[in-house]
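[1] sharing a model that was predicted from the sequence below.
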Amino acid sequence: MRRACAGFKSIESYMNGCPFHPTADPVSSTAPDELAFLAEAHDGAVLAERLAVCRKALAAGTPAPLTAAELTLGARVAWRNHARCIGRLYWRTLLVRDERHLDTSDALAASLREHLTMAQSDGAVRPVMTVFAPPTREGGAAPRIWNHQLCAYAGYRGRAGAVLGDPKNIALTEHALALGWKAPAVPTAFDLLPWIIAGADGRTKVFPVEKSWVREVQLRHPELAWFTELGLRWYAVPVVTDMRLRVAGTDYPAAPFNGWYMSTEIAARNLADTDRYNLLPLVADRLGLDRRSDRTLWKDRALLELNAAVLHSYEADGVKLVDHHTASAEFLKFCEREKNAGREVSARWDWIVPPMSPATTPVFHQPMREFPTTPDFHYQEPAWTKP
Ligand code: ARG
């Protein structure tokens, strides 16, 4: 079954924007068949029957009544389809938790804690997705998680534009405080944010996150002893909680998922970007580099040591994390396997190519093209902007 190249309207569909300013999903004039993935689970009369049942539900404005097995397949195919993900070789290993029956924020919080424990898996890091209920009917409430990820550090805005912590999370931190969360008496750059969860009843509640629930890695460097003094750390597993899963014509606004980290996500972006932890000047100074001119390559040298520290620390602590060279090679293997399966891979070059030493990785030299797919993951408006 060869995936058709769905109709593109304009050159914008091909243009890849900056990863920090996510653009809208590409629009297609011919929407891909929302139920086509079911043909990977059934055939013959069973397939015909399942398609009929799902079509009828969708026509009535209700969610497609997927079985747990169908939901699992749909979630895995959504991962396989996601154009921004370099880690897709492992799509078949995704563990899917069917939690569509939960409705209160308390029940969701308990389930999220289980998700985190299973995902961390004592450092082995298992790809897990938990699917909560879709809206019951047109406009009916579905549970929603306000956080961007289950583990994240607060960002506190200080005087004169100074920020303590992760500037990415300033808005969520302010919402948490407004909803009654108590920040530590002495705030630090690495305070775990609470979860803000809206249940199916529409009631929003704040759940403080205990330090003992979250596996973290203290960053040190294999050769530079002073690196420990920087007091840097990061959490083990990125569990994305704010994307919408669309499967079988149905939207699931709360369907948190995780893989394992690629080192550059932490060391070349989260800790290095000037609008995140912005640590390159500090590391460069400790390295004794001359920052008066860009031509000394102080940024590049500091970036290299920061990445070396992340790779070394996760490895030493037994926490699974992939380097960008290995991840790139695995992505090409994924593309090869997809080709053999008769499927074209939708991919965004600007997301797949690692943010460090890009041309040393094979994906840099690989042409890529993004097109609409389903099932897939999508951005959605922040929960707090919903009426
Ligand atoms: N880039 C995000 C972060 O640095 C995580 C996105 C998902 N990453 C992953 N390896 N599954 O926190």
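    The structure has been received and is ready for your questions. Residues are numbered from 1 along each chain as shown.

[2] ok, which stretches of the stretch 151-300 of the chain are strands?
    155-157, 163-165, 195-198, 204-207, 216-218, 233-235, 239-240, 244-247, 250-252, 257-258, 261-262 (DSSP state E, counting those that start in this stretch).

[3] save the ones you listed as JSON lines, and put in distance to the ligand and mean neighbour count too.
    (Glycine included, C-beta is placed from N, CA and C.) Output for the strands of the stretch 151-300 of the chain, formatted as JSON lines (distance: least, CB to the nearest ligand atom, whole Å; neighbours: other CB atoms under 10 Å):
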{"stretch": "strand 155-157", "distance to the ligand": "14", "mean neighbour count": "19"}
{"stretch": "strand 163-165", "distance to the ligand": "14", "mean neighbour count": "20"}
{"stretch": "strand 195-198", "distance to the ligand": "16", "mean neighbour count": "23"}
{"stretch": "strand 204-207", "distance to the ligand": "20", "mean neighbour count": "18"}
{"stretch": "strand 216-218", "distance to the ligand": "13", "mean neighbour count": "17"}
{"stretch": "strand 233-235", "distance to the ligand": "8", "mean neighbour count": "20"}
{"stretch": "strand 239-240", "distance to the ligand": "6", "mean neighbour count": "20"}
{"stretch": "strand 244-247", "distance to the ligand": "14", "mean neighbour count": "23"}
{"stretch": "strand 250-252", "distance to the ligand": "18", "mean neighbour count": "21"}
{"stretch": "strand 257-258", "distance to the ligand": "6", "mean neighbour count": "26"}
{"stretch": "strand 261-262", "distance to the ligand": "5", "mean neighbour count": "24"}
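
[4] okay, the ones you listed in CSV with mean pLDDT next?
    Conversion of those to CSV gives the following (pLDDT from 0 to 100):
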stretch, mean pLDDT
strand 155-157, 98
strand 163-165, 98
strand 195-198, 98
strand 204-207, 98
strand 216-218, 99
strand 233-235, 99
strand 239-240, 99
strand 244-247, 98
strand 250-252, 97
strand 257-258, 99
strand 261-262, 99
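
[5] spell out which parts of the stretch 201-350 of the chain neighbour the ligand.
    Those residues of the stretch 201-350 of the chain that sit near the ligand, judged by CB under 6 Å from any ligand atom, are 238, 240, 259, 261-262, 265, 270.

[6] out of those, what pair is the most spread apart?
    G259 and N270 (15.6 Å; CB to CB).

[7] more neighbours: these two, which one.
    Comparing G259 with N270 by other CB atoms under 10 Å, the one with more neighbours is G259, at 26 against 19.

[8] quick check: that one touching I86?
    No - with contact defined as CB atoms under 8 Å, G259 does not count as touching I86 (9.6 Å).

[9] report the contact partners of W298.
    Under the criterion of CB atoms under 8 Å, 6 or more residues apart in numbering, the contact partners of W298 comprise 280, 284, 287, 289-291.

[10] how close does it get to the ligand?
    W298 sits 24 Å away from the ligand, taking CB to the nearest ligand atom, to the nearest Å as the criterion.
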